[in-house]
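>>> coordinates for the following, if possible.
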Amino acid sequence: MEQKQWIKLLEAQADQIIAQVNTEQIPFLIGIDGRCAAGKTTISAILSRKTGWPVVHLDDFFLRPEQRTPERYAEPGGNVDRERLLEEVMIPLEQHKAVTFQKFDCSCMKLGEAVSIPKADVIVFEGSYALHPELRDHYHLRVFLDVDPRDQLERIEARNGKEKRAVFEARWIPLEETYFSFYQVASCADLTINTSMPE
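Predicted structure coming up:
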């Protein structure tokens with residue numbers, strides 16, 4: 001029942017995002033960033049189902065092997081291939097063009113399956129590091145999803161298991177928090193949504 005209630009909450013929050021779209025500004029790019037397990041992928045799927053808007057997932061743009069240098073990993077938010085995202089996807093979509101790109105496959109550490117995004121009036125970009133300073137000015141609406149720490153860990157454990165929860169606590173959450181703090185990500189958002197269930 002709690003999962004159904006959470007989805008219902010996200011449905012209402014997706015409506016908040018839809019209401020912010022200016023249909024006179026075409027194409028209109030939406031960037032959704034936020035804490036892991038805050039619901040970025042889920043709310044993007046809801047937006048796509050409600051509106052037909054295509055979604056670009058930043059998880060498809062992990063660093064290629066040649067980019068994985070100590071210098072790059074030392075950058076807050078440095079573990080996303082912003083360069084390829086901009087060149088192959090974001091800038092062409094801004095120009096109202098269709099795009100095709102290859103997802104990065106972490107299992108074999110190379111580019112894999114092709115993904116096509118049609119020319120669209122509104123496009124959603126979702127994922128950790130979506131509001132990096134090199135990307136954020138390309139959006140017309142910047143959204144930050146927040147989640148209370150207890151809810152975050154409970155969702156990670158339910159989704160990924162206890163072992164992965166420990167990995168998130170030790171590695172991924174600290175990396176995200178460093179990025180959020182260093183670039184003041186939440187403060188640059190036009191809309192901040194807390195996806196924790198109300199008490």
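>>> any idea how far the most centrally placed residue in the chain lies from residue 8?
Centroid-nearest residue in the chain, with C-alpha atoms, centre = their mean: residue 127, separated by 1.5 Å. As for residue 127, its distance to residue 8 is 23 Å (criterion: C-beta to C-beta, to the nearest Å). C-beta here means a position set from N, CA and C on the backbone, and glycine is covered the same way.
>>> over to residue 70?
45 Å.
>>> give me the more crowded residue out of the two.
Neighbours per residue, other C-beta atoms under 10 Å: of residue 70 and residue 8, the larger number sits with residue 8, 10 against 6.
>>> sketch out the low-pLDDT regions of this protein for me.
Along the chain, the model assigns pLDDT under 70 to residues 1, 199.
>>> strands of that one, start to end?
Taking DSSP state E as the criterion, the chain carries its strands at 28-34, 55-57, 99-105, 110-117, 122-126, 141-146, 191-194.
>>> now those in JSON lines, with distance to residue 154?
Converted to JSON lines, the strands of the chain look like this (distance: least, C-beta to C-beta, whole Å):
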{"stretch": "strand 28-34", "distance to residue 154": "16"}
{"stretch": "strand 55-57", "distance to residue 154": "23"}
{"stretch": "strand 99-105", "distance to residue 154": "29"}
{"stretch": "strand 110-117", "distance to residue 154": "31"}
{"stretch": "strand 122-126", "distance to residue 154": "21"}
{"stretch": "strand 141-146", "distance to residue 154": "15"}
{"stretch": "strand 191-194", "distance to residue 154": "15"}
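>>> I'd like the ones you listed laid out as TSV, including distance to residue 178 and mean neighbour count.
Shown next, in TSV, are those (distance: least, C-beta to C-beta, whole Å; neighbours: other C-beta atoms under 10 Å):
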stretch	distance to residue 178	mean neighbour count
strand 28-34	14	26
strand 55-57	22	19
strand 99-105	22	16
strand 110-117	27	12
strand 122-126	20	25
strand 141-146	16	22
strand 191-194	19	17
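>>> nearest to residue 183, of those?
Closest approach to residue 183 among the strands of the chain (C-beta to C-beta): strand 28-34, 10.0 Å.
>>> so how far is the closest one off the chain centroid?
Relative to the centre of its chain, strand 28-34 is centred 7 Å away, using C-alpha atoms, centre = their mean, to the nearest Å.
>>> quick one, longest helix in the chain?
helix 2-19 (DSSP state H).
>>> ok, for residue 80, nearest residue in space, not its chain neighbours?
In space, and not counting its chain neighbours, residue 80 is closest to residue 129: 4.5 Å by C-beta to C-beta, 6 or more residues apart in numbering.
>>> what does stretch 75-94 contact?
Contacts to stretch 75-94, defined as C-beta atoms under 8 Å, 6 or more residues apart in numbering, come from residues 27, 29, 56, 58, 61-64, 67, 72-73, 98-99, 101, 104, 117, 119-120, 123, 125, 127-129, 132, 134-135, 138, 175, 178-179, 182-183.
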